[in-house]
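S.K.: Just the structure for this:
(chains A, B, C and D)
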Protein chains: 2
Amino acid sequence: MAERTMHIPSGSVPPELACPITPVVELIFSRWTTAILWTLHRDGPHRFTELESHIATITPKVLTERLRALERDGLITRTYHPEVPPRVVYDITDLGRSLSPVFAALANWSDNLSDVERARRSFDAKRKRKRR
Amino acid sequence: MAERTMHIPSGSVPPELACPITPVVELIFSRWTTAILWTLHRDGPHRFTELESHIATITPKVLTERLRALERDGLITRTYHPEVPPRVVYDITDLGRSLSPVFAALANWSDNLSDVERARRSFDAKRKRKRR
DNA sequence: CTGTATCCCGCAAGATACTG
DNA sequence: CAGTATCTTGCGGGATACAG
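M.R.: Predicted coordinates:
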């Protein structure tokens, strides 16, 4: 873990006081955004409906919200083609691509999910025993 | 970030269908948890009130909730010392420590936060221009 | 096709007060 | 000290309808 003292951006909310990476977390990991970034990163540019059907359970409203936020943050681009019917293509930016080491670290760690599962079962079992 | 809810995914069908790292994200990055894990990892074991005052803006109720969840997931330990007054010490586990590469990747990426800020200003400026 | 515009709800999170 | 117990609230996210 990095031991450096980092600048804490102003305008951030409470938890940052104790943890310098919280701003990054809150920036990147709002719900659905990893799915969107991951898709664009791995499979290239997508149109609105392509993303919609690929993520499957997201509603158009929420997808629009997330895409706007990601575009505003400079992580994806939105390209409008004035055709009939209109066509809009979303793609990941270099800034968005720079997240790949983060994603790789997360993907690596997913090996530990089974340990988490086991810990949960153990914890719940103990709780059940104490209850009765 | 994170589920932002690491708690039992409510009624919704999870986004991990489109993104394999989403489960990890939802596990680790619920609000406050990075601050807790970061603190325990960097500064060693802490008592309840030590965490409370270190994170400063968290309420005891929420801190308890997060600590329980992290304990259940096997990422931290809770040790009760039956003294007078009672003493409880929280510490990070090996499983929790194994998140270091993830945190390091995130800390590294925080250099890009300034780019995000710039992108936001640019985006907002464009919006303003179009509006009038 | 690519979105808005509304309305609505669950629940994480906050405030406050109290206890073994 | 280390938490519960209760009540309230903000808002992310869902459902539905509709528009350019």
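S.K.: residue boundaries of the strands in chain A?
M.R.: A:46-47, A:76-81, A:87-92 (DSSP state E).
S.K.: For those, give me CSV that also has mean pLDDT, mean neighbour count and distance to DNA strand D.
M.R.: Every residue, glycine included, has its C-beta placed from N, CA and C. Compiled in CSV, these are given as follows (pLDDT from 0 to 100; neighbours: other CB atoms under 10 Å in any protein chain shown; distance: least, CB to the nearest atom of the strand, whole Å):
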stretch, mean pLDDT, mean neighbour count, distance to DNA strand D
strand A:46-47, 94, 17, 13
strand A:76-81, 94, 14, 11
strand A:87-92, 95, 16, 10
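S.K.: Let me have those in TSV, extended by distance to chain B.
M.R.: What follows is the strands of chain A, written out as TSV (distance: least, CB to the nearest CB, whole Å):
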stretch	distance to chain B
strand A:46-47	11
strand A:76-81	10
strand A:87-92	13
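S.K.: In a markdown table, list these along with distance to residue A:58.
M.R.: Shown next, in a markdown table, are the strands of chain A (distance: least, CB to CB, whole Å):
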| stretch | distance to residue A:58 |
| --- | --- |
| strand A:46-47 | 13 |
| strand A:76-81 | 15 |
| strand A:87-92 | 13 |
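S.K.: what's the most centrally placed residue in chain A in contact with, if anything?
M.R.: Central residue of chain A (CA atoms, centre = their mean): residue A:34, 2.6 Å from the mean position. By CB atoms under 8 Å, 6 or more residues apart in numbering or on different chains, residue A:34 lies in contact with A:28, A:103, B:15, B:19, B:21, B:22, B:25.
S.K.: neighbour-wise, which of those leads?
M.R.: residue B:25 (29 neighbours; other CB atoms under 10 Å in any protein chain shown).
S.K.: and that one, how far is that from DNA strand C?
M.R.: 13 Å (CB to the nearest atom of the strand, to the nearest Å).
S.K.: And that residue, what's its pLDDT?
M.R.: Per-residue confidence (pLDDT) for residue B:25: 90.
S.K.: surely it meets residue A:103?
M.R.: No. The pair residue B:25 and residue A:103 fails to qualify as a contact (CB atoms under 8 Å) at a distance of 9.7 Å.
S.K.: before we move on, the earlier item: could you tell me which of the contacts of residue A:34 are located in helices?
M.R.: A:28, A:103, B:22, B:25 (DSSP state H).
S.K.: The first one touches residue A:102, doesn't it?
M.R.: Yes. Taking CB under 8 Å as the definition, residue A:28 is a contact partner of residue A:102 at 7.3 Å.
S.K.: Within range of DNA strand D, give me the residues from chain A.
M.R.: A:30, A:31, A:32, A:57, A:58, A:59, A:60, A:61, A:62, A:66, A:85, A:86 (CB under 7 Å from any atom of the strand).
S.K.: Please report phi then psi for the first one.
M.R.: It refers to residue A:30. phi -80, psi 160 (degrees, to the nearest 10).
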